[in-house]
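Colleague: coordinates for the following, if possible.
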Amino acid sequence: MDLESVYSSEASDSELVSLLNSVSLSGLGLGDPALAARLAERAEPADELEAVYAQQNGLTRLPTPLATFPALRLLDLSHNRLQSLDEAVLALPGLTNLILKHNQLADDALPKDFGLLRHLRELNLSGNSFSQVPHQVLELASLTDLYMASNRIQTVPEDLHRLQRLRVLHLGGNELESVPKTLGNLYSLQVLVLCDNRLTELSEAICRLPRLRTLLLHANQLSTLPASLVRLRALKQLSLRDNPLVRNFVSSMEYEPPSLVELAARSVKLHGVPYGPADLPAALIEHLGSAKRCVNKRCKGVFFDTRVEDVQFVDFCGMYHIPLMRYLCSSHCESQQAAERSLQPDESDSEEEVGWRRRRLRRVLLG
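Modeller: Next comes the predicted model:
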């Protein structure tokens, strides 16, 4: 199953259309004229054909008979040798799914009036040679799924937010060093894939996406994340592996067992054991006075010189979940419930607010 299917919340449009009247000419190696002839033979009656699959045929142009199929909704020409998409595609006004991945398309490959495909919902241009998102794409008001992975894109246009129906945006495997703040205005976005780029920071604007469920950021150069990321209520999957923030975080962890003095001092403070100058030397009294509260505001624990930083990895189908970082300053922090509170919520937060934060961070993917 490909990535488009994995991160869809439901069956993709491609899968639905494939159940309709279709012609598959995939992998026949027919060349332009031969494939056009075969298509003309098998597409009768023409007004009922809704899907054409013609992958891996070495095509360098659109088969000419396509323009004669007014009911065509899905066209899959992936894994061919297309260098441009001629205007014949504009004769398919009902097209909803256009899959052109793994061709030889570049910045000027799309026809000038490509935006006239008013019903287009899925556009897959992954695995080509685009250095930017074509401006014609921004005119596709009905677009819900845009895949432009594995190109050479260096910048995301500021006005990408014009695509207000966009649910899936896949820009992984490009050359992005940043994304614009306007990306935070894609209010319908559910899946954002920015992995395998050169991102050094993530705009706070991403934290304004109310429906975002999946955010893939692995294999970048991120050393920090926006603090407000935790407030994305719908977020269930966050992939961070192969970033400096993860590598530094894991490599810097050290386990230093607390000393007997540390353990004894914690017990005195936690259990309220009374003491005074007649009971303890002045140095120990001074030490007890240096107690520090756990950073978890809902934890009653204290520590002095040693705070154990611990990460709990859980194997999940060959990947790893890291739900949180735990500060084991006392026995209270060792329970899973207390550990999950280490998100450091404000004391003014409601129990409901704290609850959804705990649940949300259980799906942080590092593997």
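Colleague: which residues in the stretch 101-250 of the chain form helices?
Modeller: 244-251 (DSSP state H, counting those that start in this stretch).
Colleague: give me the low-pLDDT residue ranges for it?
Modeller: Counting by pLDDT under 70, the ranges of the stretch 101-250 of the chain that qualify are 247-250.
Colleague: go with 80
Modeller: 227, 230, 246-250 (pLDDT under 80).
Colleague: can you show me the strands along it?
Modeller: 122-124, 145-147, 168-170, 191-193, 214-216, 237-239 (DSSP state E, counting those that start in this stretch).
Colleague: can you put those strands in TSV and add mean neighbour count and distance to R208?
Modeller: Bear in mind the C-beta positions are built from the backbone N, C-alpha and C, glycine included. Converted to TSV, the strands of the stretch 101-250 of the chain look like this (neighbours: other C-beta atoms under 10 Å; distance: least, C-beta to C-beta, whole Å):
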stretch	mean neighbour count	distance to R208
strand 122-124	23	24
strand 145-147	23	19
strand 168-170	24	15
strand 191-193	23	12
strand 214-216	22	13
strand 237-239	19	16
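Colleague: out of these, the one nearest R81 is which?
Modeller: With C-beta to C-beta, the closest approach to R81 among the strands of the stretch 101-250 of the chain belongs to strand 122-124: 16.7 Å.
Colleague: need the three-state assignment for R38.
Modeller: When classified by DSSP: H, G, I helix; E, B strand; the rest coil, R38 comes out as helix.
Colleague: with P65 as the reference, measure out to it.
Modeller: To P65, R38 is 10 Å away according to C-beta to C-beta, to the nearest Å.
Colleague: got it, and V302?
Modeller: With distances taken as C-beta to C-beta, V302 is found 78 Å from P65.
Colleague: just checking, L288 touches P274?
Modeller: No: with contact defined as C-beta atoms under 8 Å, L288 does not count as touching P274 (11.4 Å).
Colleague: more crowded one of the two?
Modeller: L288 (18 against 6; other C-beta atoms under 10 Å).
Colleague: now that one. Nearest residue, chain neighbours left out?
Modeller: A265 (5.7 Å; C-beta to C-beta, 6 or more residues apart in numbering).
Colleague: part of a helix, is the one you found?
Modeller: Yes: counting by three-state DSSP, A265 is found in a helix.
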